[in-house]
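A.B. asks: show me how the following folds:
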Amino acid sequence: MGKPKQPCDRIGLQGCTDGFQAFDSGTLSFKPIVFSIASLPPALRYKSEFMLLLMLLPSNAKSLGLKKYFDFAARYELNSLFTKGIDGVKVKIFGMSMDTIGRHELLGMQAATGYESACCICRHNWTAAVTGTQCCFAGYRSLLPMQSRGRLARVHAAGETYEYSEDETRPKPKLRTMDYVQESCAVVEALDVPCHGHKSAPLVAKWPGFNWFRYNPPELMHDSKIFVEMLLKTLVGKVANGGFYASWHYDDKHRTENQILGIFKPTWKTGENRPLPWRLTRDQRELLDARVSTLIWPQKVEKLYYNGASFWKKPNRMWKTKRKVNLLYYILPTQLRDQIPAVRKALNIFVWSMRRMLGQVHSYQEAKRMKILPGSRTFDKTQIKKLHAELIMGLSLLSGCLPVCQLNPGMHHFVHFAEFTQTHGLLHLYWMMGFERYVYLFSQPHHLTLALIKLHTHTLTHFTTSIIMARFSEWNPHSNGKIFTAYTHTKSISYVILTHFLTHRYNKYLKNLVRRGLRPLVHLANSAAIDIATSYVNLCGSSLHKYDVRTDPQHNCILKQKMRRYVISTKEVGCIFSDGL
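C.D. replies: This is a model prediction of the structure:
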């Protein structure tokens with residue numbers, strides 16, 4: 001994107017999509033395509049008033065069924081924003097933040113758990129499972145140097161022995177490049193068969209500035225979430241009345257796999273059923289549960305122990321993703337200090353490298369000395385190679401002390417954290433935590449209606465002018481706070497990227513809201529949204545108005561009154577409902 005300039009000549013957007021249920025009955029779910037403004041400070045970019053809604057799609061449409069909508073957005077919105085911009089300021093999409101399933105769908109790749117699938121960042125392919133038809137998602141040792149002793153079938157580290165089925169001889173996989181992706185997609189189009197994990201062209205292939213590597217940063221939130229869930233299920237095993245612990249049934253399978261692979265010989269199925277080396281006993285779980293009960297929780301940190309149980313007994317104590325992130329990176333390494341030493345030492349190597357890669361928060365005095373904003377994170381990029389090597393070693397050791405076929409495919413994303421930290425910066429700035437909070441608003445009745453009205457009345461170009469331009473000008477660090485210029489587009493274009501099915505469901509949705517007692521919404525059931533936009537255009541004209549709020553306070557006051565009455569925004573929705581239109 002280039003370095004920022006004054007005056008600003010480009011703004012970056014970070015996209016995301018995730019589904020949510022539109023009805024309590026679960027009969028239909030939507031996929032909003034949402035952008036955050038990466039040019040804003042991190043403390044502001046994920047606030048709802050600064051988030052931008054591009055499309056609202058039905059989740060029953062898959063793969064190529066969605067391609068036409070993404071192409072439509074590129075042709076009529078994104079290309080113009082990228083090449084011409086708004087008032088000389090170009091709007092560029094920097095990348096997308098996606099979970100594993102969403103990323104593979106967006107990029108036109110096969111399902112992440114499929115045998116012919118692969119990593120969407122590198123060319124590493126999954127291997128066949130030892131038993132059954134599933135895949136094995138290990139292979140971390142292939143990223144070690146060819147002469148590393150970590151490639152051996154038996155690795156002795158920190159006084160523990162880590163066992164593998166055989167020596168690792170595969171070379172380090174290469175990254176997927178744009179040329180490699182285009183060649184694979186050309187084979188798919190010509191032969192109509194998947195090639196190297198690709199099954200179709202990426203949905204965003206026609207978006208301006210699309211770059212395979214830049215669009216695919218690892219997503220810290222979901223990757224950490226599925227990792228800690230997999231780890232705890234494996235360590236705890238089956239526990240009656242223990243939430244998802246109660247459904248565990250893989251111990252016999254793991255014993256069979258160990259015997260076939262020739263590892264962990266004491267656990268083989270010989271009739272004795274000796275303890276698994278990674279399994280916590282009941283007494284150990286009781287001890288760990290007691291440790292959690294004695295923790296003193298800081299303010300605003302949600303507790304993982306309440307009502308006489310912690311996550312060791314009741315996994316619903318960590319149902320929030322933020323709790324799982326805190327558990328993985330701050331609590332588990334100390335909780336397991338004298339338990340299952342092989343797992344704990346491997347986990348420590350992984351967690352310690354990840355915590356340093358996620359940045360360091362300095363003291364107030366040190367931040368002032370470094371001339372950075374106090375409370376912000378910093379990272380020394382000269383340490384990337386060292387941390388990457390430690391991270392790979394930690395993952396390799398974990399695959400040598402846990403059941404190899406139980407590892408989740410999302411764990412592989414961690415091997416690319418160093419590469420993307422080098423090019424993208426701190427990756428927690430791109431995680432989906434802020435997007436998830438924004439998407440949650442759509443599950444609320446009035447917010448979903450508001451989103452649909454916006455799609456009917458504004459294009460991305462016209463809707464985002466006052467948000468992107470005014471807000472960025474207000475917070476531009478290079479302006480020194482001297483000038484705050486507000487922009488307001490008043491021309492409205494009907495912009496609907498919805499199928500007939502979705503439109504039909506939308507009408508039913510509004511009627512259901514009316515039945516629930518939201519009487520003012522009955523006025524929105526027809527074309528009131530278009531009438532609102534038309535009235536706003538008639539009042540303000542049809543051209544771009546630019547003014548300085550400091551020099552023209554009267555105009556600013558008048559416009560605010562018009563916006564309060566006619567423009568639909570998150571803050572004004574209460575006013576619209578109370579007025580009853």
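A.B. asks: residue 142 against residue 124, yeah?
C.D. replies: Yes: when contacts are counted by C-beta atoms under 8 Å, residue 142 is listed as touching residue 124 (7.0 Å). Yep, even glycine has a C-beta here, placed from its N, CA and C like the rest.
A.B. asks: in the protein, where is pLDDT below threshold?
C.D. replies: 1-4, 6, 22-28, 114-116, 132-133, 271-272, 442-581 (pLDDT under 70).
A.B. asks: who touches both of residue 142 and residue 124?
C.D. replies: residue 173 (C-beta atoms under 8 Å, 6 or more residues apart in numbering).
A.B. asks: who's more crowded, the two?
C.D. replies: Neighbour count, other C-beta atoms under 10 Å: between residue 142 and residue 124, residue 124 has more, with 21 against 18.
A.B. asks: thought the more buried one was touching residue 118?
C.D. replies: Yes: the pair residue 124 and residue 118 passes the contact test of C-beta under 8 Å, sitting 6.2 Å apart.
A.B. asks: can you pull out the helices in the stretch 101-250 of the chain?
C.D. replies: Along the stretch 101-250 of the chain, counting by DSSP state H, counting those that start in this stretch, helices occupy 178-191, 220-236.
A.B. asks: please, which helix or strand holds residue 53?
C.D. replies: Assigned by DSSP states H and E, residue 53 falls within strand 52-58.
A.B. asks: against which helices or strands is that strand packed?
C.D. replies: When contacts are defined as 3 or more C-beta pairs under 8 Å, 6 or more residues apart in numbering; DSSP states H and E, strand 52-58 packs onto strand 29-37, helix 64-73, helix 445-457, helix 460-463, helix 500-515.
A.B. asks: tell me who's in contact with residue 220.
C.D. replies: Shown in contact with residue 220 (C-beta under 8 Å, 6+ apart): 325, 358, 427, 428, 430, 431.
A.B. asks: number of residues surrounding the last one?
C.D. replies: Translated: residue 431. 22.
A.B. asks: dihedrals phi and psi, it?
C.D. replies: Taking degrees, to the nearest 10, you get phi -70, psi 170 for the backbone angles of residue 431.
A.B. asks: picking that back up, paired strands for the strand holding residue 53, with orientation please.
C.D. replies: strand 29-37 (antiparallel) (DSSP bridges).
A.B. asks: immediately after the partner strand, which helix or strand?
C.D. replies: For strand 29-37, the succeeding helix or strand toward the C-terminus, using DSSP H and E, is helix 42-45.
A.B. asks: what residues does the nearest residue to residue 138 once chain neighbours are set aside make contact with?
C.D. replies: The shortest distance from residue 138 to any non-neighbouring residue, by C-beta to C-beta, 6 or more residues apart in numbering, is to residue 399 (4.5 Å). By C-beta under 8 Å, 6+ apart, the contact set of residue 399 is 138, 140, 141, 164, 407.
A.B. asks: ok, the third one touching residue 165?
C.D. replies: No: with contacts defined as C-beta under 8 Å, residue 141 does not count as touching residue 165, sitting 11.0 Å away.
A.B. asks: what about these two, which has more around it?
C.D. replies: Taking other C-beta under 10 Å, residue 141 and residue 165 do not tie; residue 141 has more neighbours (23 against 16).
A.B. asks: what residues sit buried inside stretch 227-236?
C.D. replies: 227, 228, 229, 230, 231, 232, 233, 234, 235, 236 (16 or more other C-beta atoms under 10 Å).
A.B. asks: excluding its backbone neighbours, what's nearest the second one?
C.D. replies: Which is residue 228. residue 328 is the one closest to residue 228 (C-beta to C-beta, 6+ apart), at 4.3 Å.
A.B. asks: also the last one?
C.D. replies: Here the nearest residue to residue 236 in space, its sequence neighbours aside, is residue 245; by C-beta to C-beta, 6+ apart that works out to 5.3 Å.
A.B. asks: how much space between the residue nearest to residue 138 and residue 139?
C.D. replies: Residue 399 sits 8 Å away from residue 139, going by C-beta to C-beta, to the nearest Å.
A.B. asks: can you list the contacts of residue 399 in TSV and add distance to residue 50?
C.D. replies: TSV is the format used below for these (distance: C-beta to C-beta, whole Å):
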residue	distance to residue 50
138	41
140	38
141	43
164	48
407	38
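A.B. asks: residue 403 and residue 254 touch, don't they?
C.D. replies: Yes: applying C-beta under 8 Å as the test, residue 403 and residue 254 come out as touching, 4.3 Å apart.
A.B. asks: can you name the residues that contact the residue nearest to the spatial centre of the chain?
C.D. replies: The residue lying closest to the centre of the chain (C-alpha atoms, centre = their mean) is residue 432, at 3.3 Å. When contacts are counted by C-beta under 8 Å, 6+ apart, residue 432 is found next to 16, 18, 97, 98, 99, 219, 221, 222.
A.B. asks: kindly recompute the last result at 6 Å.
C.D. replies: Residues in contact with residue 432 (C-beta atoms under 6 Å, 6 or more residues apart in numbering) are 16, 97, 219, 221.
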